[in-house]
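# Need a 3D model of the following:
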Amino acid sequence: PRGIGRSSPIRCDPAMVPTAEMPLDHKPTQAEFEAVARANAAFIKSCADASGELLWHLSAKDTAQDIERIRQALSPADGIVSYAASYGSAYGAAYLEAYPANVQALILDGVVDHTVDFATFSARNVMSVQDAFERFAQWCARDAKCELHGKDLGAAFDNAIAREPKTRTLVPQLLATGDH
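Down below sits the predicted model:
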């Protein structure tokens, strides 16, 4: 899609990459929150300055229009057959909404629901990560192949976070993608 790789990538000032991060071990103070917000705003401004008008034309709807132009160029008489995973599902859904008559088959795997507000999206994400953790714990409790079989999985998770706080954002994602 637009804005990545060799497709007119978004450009940003590397010197403006935010160094301020939200704390992972406590609720951020107002000062910590504002420091991260300022750093992020400065970085985004550097991207807008370096990328120009492109930055304002990177939506899923814009990408859907690009997909339709490609379909028209390659096979104007045929409907599109596509597989869209993870964030690609946002592009697939936008295409389906804009061009339903031009879809022969479309698989949306890992749908990102763009119709809900951020609070709802976040709550659903938390619940799904918790569900993945619980399913992983059940698998680990019954299968001796699990490295943590017979151990307290919650304590192991807490210990991993205590040793390396940034692990908190990685472990749930890894748990959610396993084959357990």
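# How far off centre is stretch 49-58?
Relative to the centre of its chain, stretch 49-58 is centred 21 Å away, using CA atoms, centre = their mean, to the nearest Å.
# Between the two ends of that stretch, how far is it?
15 Å (CA to CA, to the nearest Å).
# How many residues are close by residue 89?
Neighbours of residue 89 under the rule other CB atoms under 10 Å: 21. C-betas here are computed from N, CA, C, even on glycine.
# secondary structure class for it?
helix (DSSP: H, G, I helix; E, B strand; the rest coil).
# residue contacts, residue 137?
For residue 137, the contact set (CB atoms under 8 Å, 6 or more residues apart in numbering) comprises 153-154.
# Next one: it relative to residue 151, how far apart?
10 Å (CB to CB, to the nearest Å).
# next one: residue 116
Where residue 151 is concerned, residue 116 sits at a distance of 37 Å (CB to CB).
# Check residue 50 too.
Per CB to CB, residue 50 is found 49 Å from residue 151.
# likewise residue 34?
To residue 151, residue 34 is 41 Å away according to CB to CB.
# Could you do residue 108 as well?
Distance from residue 108 to residue 151, by CB to CB: 37 Å.
# in the longest helix anywhere in the chain, what's buried?
In the chain, with assignment by DSSP state H, the single longest helix is helix 118-142. Across helix 118-142, burial judged by 16 or more other CB atoms under 10 Å covers 132-133, 136-137, 140.
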